[in-house]
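J.: Whatever this is, show me its structure:
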Amino acid sequence: MNVQAEEFERNRLYLRTVAQRILGSTAEAEDAVQEAWLRVNRADPDAVDNMRGWLTTIVSRICFDMLRSRRSRREELVDDWSFEFEPDEAPGPEHEALQADAIGVALLVVLDRLSPAERLAFVLHDMFGVPFEEIAPIVERAPAATRQLASRARRRVRGLGAGAEQTSAERRVIEAFLAASRNGDFEGLLAVLDPDVEFRATRTSAVDATPLEVQGRDAVARTVVARGSRFAHLGRYATVGGRPGAVVATPTRIISLVAMTIADGVIKRMDVNVFPAAEPPGPS
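T.: Numbers count the residues shown, from 1 in each chain. Below you'll find the model as predicted:
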């Protein structure tokens, strides 16, 4: 094994951690590190004084491109039906090392609302201590402008306190809704639905674009039990179009995205977008 391969392997876990924090996705982080390895193999590192810094820059550039591509794909989704959810936890000490200091769901939601440049500047500087002078070329800004990007992101994150508590409460409601849906628990559904809850489901198909609209706790609970129970076991908590909700998906396609309005511990509104099997959208 040559020197640069040894250095890459020595820093692999660190690079995965950097990529995972920037992207908020273990799978995408793996892809970013793999792409970095391919680029390192094609590069000439003889003039590199700081190998870890050089590798960090390569991974960060890849992540920055991935963030911009992700945002571009999201803008193509109708009505901003973008979503973000935590990857499933996998066993093993390496995964545990990556997740031991995880930034958490609430912070991921905040980061997801930043621009790619803001997100990269904040994560690299505030979480990994990378100087702004080194971040600036990656985000294609001057160092002073890069400092401002991180500052704006930092202000958003500082407002996380109350938002994190709210996110946690909303997640508990949604998890209870999903559990009741999986079990066909009519009474459990009634417990998390507002008496005047509104339900609207739309198919992204030109053949059948007429939305299904239902109002009232009993009617919505019956609709969920009748129409949603067969997919309920595939549902997971997600942030959908900036709102709390759920994604229903198989390993190969998205079945539906559910955005919810939650207040006073109950669901006030549910907006469901159902995707036809023939043309599933790509995950964002």
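
J.: Val130 looks like it's in a strand, true?
T.: No - using DSSP: H, G, I helix; E, B strand; the rest coil, the secondary structure at Val130 is coil, not a strand.

J.: okay but it is in contact with Thr56, surely?
T.: Yes - under the criterion of C-beta atoms under 8 Å, Val130 is in contact with Thr56, at a separation of 6.5 Å. Every residue, glycine included, has its C-beta placed from N, CA and C.

J.: joint contacts of the two?
T.: Counting by C-beta atoms under 8 Å, 6 or more residues apart in numbering, the residues touching both Val130 and Thr56 are Leu124.

J.: And the helices in the stretch 151-284 of the chain, which stretches?
T.: For the stretch 151-284 of the chain, the helices defined by DSSP state H, counting those that start in this stretch occupy 160-183, 186-192, 217-223, 229-232.

J.: just to revisit the earlier point, quick one, which of Val130 and Thr56 is more surrounded?
T.: Remark: of Val130 and Thr56, Thr56 carries more neighbours, 23 against 20, as counted by other C-beta atoms under 10 Å.

J.: Any chance of the helices of the stretch 151-284 of the chain in a markdown table with mean pLDDT and mean neighbour count as columns?
T.: Shown next, in a markdown table, are those (pLDDT from 0 to 100; neighbours: other C-beta atoms under 10 Å):
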| stretch | mean pLDDT | mean neighbour count |
| --- | --- | --- |
| helix 160-183 | 77 | 17 |
| helix 186-192 | 95 | 17 |
| helix 217-223 | 94 | 17 |
| helix 229-232 | 67 | 14 |
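
J.: And the lengthiest helix in the chain, what's buried?
T.: In the chain, with assignment by DSSP state H, the single longest helix is helix 51-76. Within helix 51-76, the residues that count as buried by 16 or more other C-beta atoms under 10 Å are 51, 54-64, 66-67, 70, 74.

J.: any idea how far the nearest residue to Leu67 once chain neighbours are set aside is from Thr17?
T.: What sits nearest to Leu67 in space, not counting adjacent residues and going by C-beta to C-beta, 6 or more residues apart in numbering, is Pro116, at 3.6 Å. According to C-beta to C-beta, to the nearest Å, Pro116 stands 19 Å off from Thr17.

J.: Check Leu111 too.
T.: 15 Å.

J.: Was I right to think Ala153 contacts Arg119?
T.: Yes - using C-beta under 8 Å, Ala153 is in contact with Arg119, at 6.6 Å.

J.: shared neighbours, the two?
T.: Residues touching both Ala153 and Arg119 (C-beta under 8 Å, 6+ apart) are Leu111.

J.: Residue ranges in the stretch 51-200 of the chain under the pLDDT threshold?
T.: 71-109, 159-167 (pLDDT under 70).

J.: that older thread, with respect to Asn11, which of the helices of the stretch 151-284 of the chain lies nearest?
T.: Minimum separation from Asn11 across the helices of the stretch 151-284 of the chain (C-beta to C-beta) falls at helix 160-183, 29.6 Å.

J.: one step back: now, among the buried residues of helix 51-76, which is nearest to Arg227?
T.: Closest approach between these and Arg227, by C-beta to C-beta: Arg74, at 27.0 Å.

J.: mind listing the strands for the stretch 1-150 of the chain?
T.: For the stretch 1-150 of the chain, applying DSSP state E, counting those that start in this stretch gives strands covering 83-84.

J.: can you tell me which residues contact Val224?
T.: Contact analysis of Val224 by C-beta under 8 Å, 6+ apart lists Ser181, Leu189, Phe199.

J.: do you know how far it is from Glu35?
T.: 42 Å.

J.: Repeat that for Ala201.
T.: Taking C-beta to C-beta, one finds Ala201 at 38 Å from Glu35.

J.: and what of Gly235?
T.: In terms of C-beta to C-beta, Gly235 sits 32 Å off from Glu35.
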